Every structure is written in structure tokens, then in C-alpha cells.
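1. sequence and predicted structure are below.
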Amino acid sequence: MQGMVRTESHADGDWLVRTVRGNDSGKAYRCPGCQQEVPASAPHVVAWPADGLGGLAERRHWHTPCWRARHRRTPRGSWK
């Protein structure tokens with residue numbers, strides 16, 4: 001992953017966030033904001049709770065606009 005990790009505070013807690021430029025790993029992720037695919041090659045955001053609990057299992061890949069819109073739209077699916 002690329003980018004510096006930063007902490008962001010939101011109504012649902014503090015989050016560690018990293019901006020990813022994209023890579024050629026071929027992996028695809030599911031955005032918790034819209035439930036659409038995030039190709040690894042697309043720039044996006046990786047976020048996880050800042051409390052340190054859960055480790056890698058709590059990391060989620062978000063489309064950048066979905067992450068920015070979290071205050072208007074709650075994540076769908078099984079993740080907070």
C-alpha cells in the first residue's frame with residue numbers, strides 16, 4: 001500500500017486512513033459504502049478502526065467519494 005496513514009475522527013469513532021494510488025495486483029475489493037467493486041488498480045482509500053482491535057481483518061477498501069460521503073450515507077453490509 002502507498003500513502004501515509006492519517007487519523008480521522010468521525011461520529012462513529014476514530015479511523016486510520018490511507019490513500020492508495022492503485023496497483024496491478026489484480027485483486028478486487030467490495031466498498032462498504034456502495035457495495036460496488038473497487039478494483040485494486042483504481043485509486044481508493046483503506047480505512048480501519050484506530051482502536052487497534054481486529055488488525056488486518058478490520059481494513060476495508062472504499063471508493064474515495066464513498067469514504068468522503070460517510071457522514072451522509074452509512075456503510076452497507078456486515079461492516080460498521
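-> Now that the structure is in, tell me what you want to look at.

2. where do the helices of the chain begin and end?
-> 64-68 (DSSP state H).

3. kindly export the lengthiest strand in the chain (C-alpha atoms) in CSV.
-> Longest strand in the chain by number of residues (criterion: DSSP state E): strand 13-20. The C-alpha trace of strand 13-20 is given here as CSV (Å, rounded to 0.1, in the frame of the first residue of the first chain):
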residue,chain,number,x,y,z
GLY,A,13,-15.1,7.0,16.1
ASP,A,14,-11.5,7.4,15.1
TRP,A,15,-10.2,5.8,12.0
LEU,A,16,-6.8,5.2,10.5
VAL,A,17,-6.9,6.0,6.8
ARG,A,18,-4.5,5.5,3.9
THR,A,19,-4.9,6.8,0.4
VAL,A,20,-3.9,4.1,-2.2
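
4. tally of neighbours for D14?
-> 12 (other CB atoms under 10 Å). Any C-beta I mention is one placed from the backbone N, CA and C, and that applies to glycine too.

5. I figured it hits T7, correct?
-> Yes: using CB atoms under 8 Å, D14 is in contact with T7, at 5.8 Å.

6. shared neighbours, the two?
-> Common neighbours of D14 and T7 (criterion: CB atoms under 8 Å, 6 or more residues apart in numbering): A50.
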